[in-house]
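Chemist: coordinates for the following, if possible.
(chains A, B, C and D)
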Protein chains: 2
Amino acid sequence: MRPQKVLDNDIYSALTKVFRAKGFEGASLNEIADATGLKKASLYHRFPEGKKQMAEAVFNYIEERVEIKIFGALINNTLTPDQRLNESINNIKELYNGGEESCIFRTLSMKVGLELFGSRIKNGMEQWIHHFKELGLAFGQSKEEAKSNAIQNLIDIQGSLIVSEGLKDLTIFENTLKTIKNRYNKG
Amino acid sequence: MRPQKVLDNDIYSALTKVFRAKGFEGASLNEIADATGLKKASLYHRFPEGKKQMAEAVFNYIEERVEIKIFGALINNTLTPDQRLNESINNIKELYNGGEESCIFRTLSMKVGLELFGSRIKNGMEQWIHHFKELGLAFGQSKEEAKSNAIQNLIDIQGSLIVSEGLKDLTIFENTLKTIKNRYNKG
DNA sequence: AATATTTTACCGAACGTTCGGTATTGCCAA
DNA sequence: TTGGCAATACCGAACGTTCGGTAAAATATT
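Modeler: As a prediction, this is how the structure comes out:
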């Protein structure tokens, strides 16, 4: 059989970049074709169900990275809670490229995206909250405290990404990561 | 002269609903025509410069309401700082319809929107921060404290709108408004 | 070892539809 | 009857999608 011109992972990476920046409706197939290096028709060979399947691939791709880099760090029992926190925060910074890259929770949750991927987004957010709640418990917080802190972490990340972009000031995202750290290391 | 079939303010209101839900690229003229009750061609009579001008009108419309309802409340010297805070929070809740409506800072700041309206978004955010900073000063906070609190308010609002939508749980937005209040009424 | 066949990947061209945007005509009130 | 508004019809371009066919490697057959 003929070899692939572009590796799957390179396609996913390019798709992620486009959907993150443009959202579902804003991402055109011509742009996707340019970004991946495949022609439109070839994309339909890789993704027979079309654009929606491409966006699904982005969810899979990102969820896998988040699972490893963030949730994996947060539940790594070989580390102290403080080390887990630090590693996950470092990886968050990396995954969002210091605040330059948007989150698909935002870009794929406009009207149409929410209709298509609403349950994936909801599940994804719940996982973030669940794992951060576990961290809070490991820090000795009460259930209520741990949960509200976890929710606030998610709010902080989403909000600071928007404000950073809007103000064109990445230090806001960085400061938010510090705020999250301070939520567990008080004083 | 012939009277307008649809009042300007009703057009702005409909435009706002569409652009808030769909963003700039996601909002099609056919949908806008349906939402406003005017045909496409009639829209081009009202907005000769087209879609971009329609989005500009949304900015104007929202900025006016924010100016009155939020900034106006925050700088109303006939009220105590605490009353200013309460009134502005109530109006924020109203303007975002309890968390059901998105913010144009979010929906119009995707790639294309940011290119077209980047400076308006930046200015708008800076005004939010400026006015909330003034509130903090009125509460006796230091300059640094007042500013970081103001930024955090904006982050909280943006973030909680996204998380509320994603989790389909409006209590998150409500709780965030309480969090903001507690930022000024400690203990 | 050489040839034929199968299998998979890619691509140019075109599909029907919808996009944002325009002329042109008809309507309506002053 | 004049001037401003709205509606019909329409435009080229771009949209997501599909199709017919080609390129290239793996396998099967001689």
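Chemist: check A:Ser13 and give its pLDDT.
Modeler: Note for A:Ser13: predicted pLDDT of 96.
Chemist: show me what contacts it?
Modeler: A:Tyr61 (CB atoms under 8 Å, 6 or more residues apart in numbering or on different chains). C-beta: built from backbone N, CA, C; applies to glycine.
Chemist: my guess is A:Leu167 contacts B:Gly124. True?
Modeler: No. Under the criterion of CB atoms under 8 Å, A:Leu167 makes no contact with B:Gly124, lying 10.2 Å away.
Chemist: identify the residues contacting the closest residue to DNA strand D within chain A.
Modeler: Per CB to the nearest atom of the strand, A:Gly50 is where chain A lies closest to DNA strand D, at 2.9 Å. The neighbours of A:Gly50, taking CB under 8 Å, 6+ apart as the test, are A:Tyr44.
Chemist: give me the more crowded residue out of A:Leu167 and B:Gly124.
Modeler: Neighbours per residue (other CB atoms under 10 Å in any protein chain shown) separate A:Leu167 from B:Gly124, with B:Gly124 holding more: 20 against 17.
Chemist: close to DNA strand D, is whichever strand or helix holds the more buried one?
Modeler: Here B:Gly124 sits within helix B:111-138, counting by DSSP states H and E. No. Against DNA strand D, helix B:111-138 shows no contacts by CB under 7 Å from any atom of the strand, the least distance being 10.8 Å.
Chemist: residues near the residue nearest to A:Tyr184 when sequence neighbours are not counted, how many?
Modeler: Distances taken as CB to CB, 6 or more residues apart in numbering or on different chains place A:Phe139 nearest to A:Tyr184, at 5.0 Å, with adjacent residues excluded. Counted by other CB under 10 Å, the residues lying close to A:Phe139 total 18.
Chemist: which bits of chain A sit near chain B?
Modeler: By CB under 8 Å from any CB of the partner chain, the residues of chain A that approach chain B are A:21-23, A:25-26, A:102, A:105-107, A:109-112, A:114, A:118, A:121-122, A:124-126, A:148, A:151-152, A:154-160, A:162-163, A:165-168, A:172, A:175-176, A:179.
Chemist: give me the ChimeraX select line for these, limited to the buried ones.
Modeler: Remark: buried members of the residues of chain A next to chain B, expressed as a ChimeraX selection using 16 or more other CB atoms under 10 Å in any protein chain shown:
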select /A:21,22,23,25,26,102,105,106,107,109,110,111,112,114,121,122,124,125,148,151,152,154,155,156,157,158,159,160,162,163,165,166,167,172,175,176,179
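Chemist: show me the residues of chain A next to chain B that map onto helices.
Modeler: Per DSSP state H, helices hold the following members of the residues of chain A next to chain B: A:21-23, A:25-26, A:105-107, A:111-112, A:114, A:118, A:121-122, A:124-126, A:148, A:151-152, A:154-160, A:162-163, A:165-167, A:172, A:175-176, A:179.
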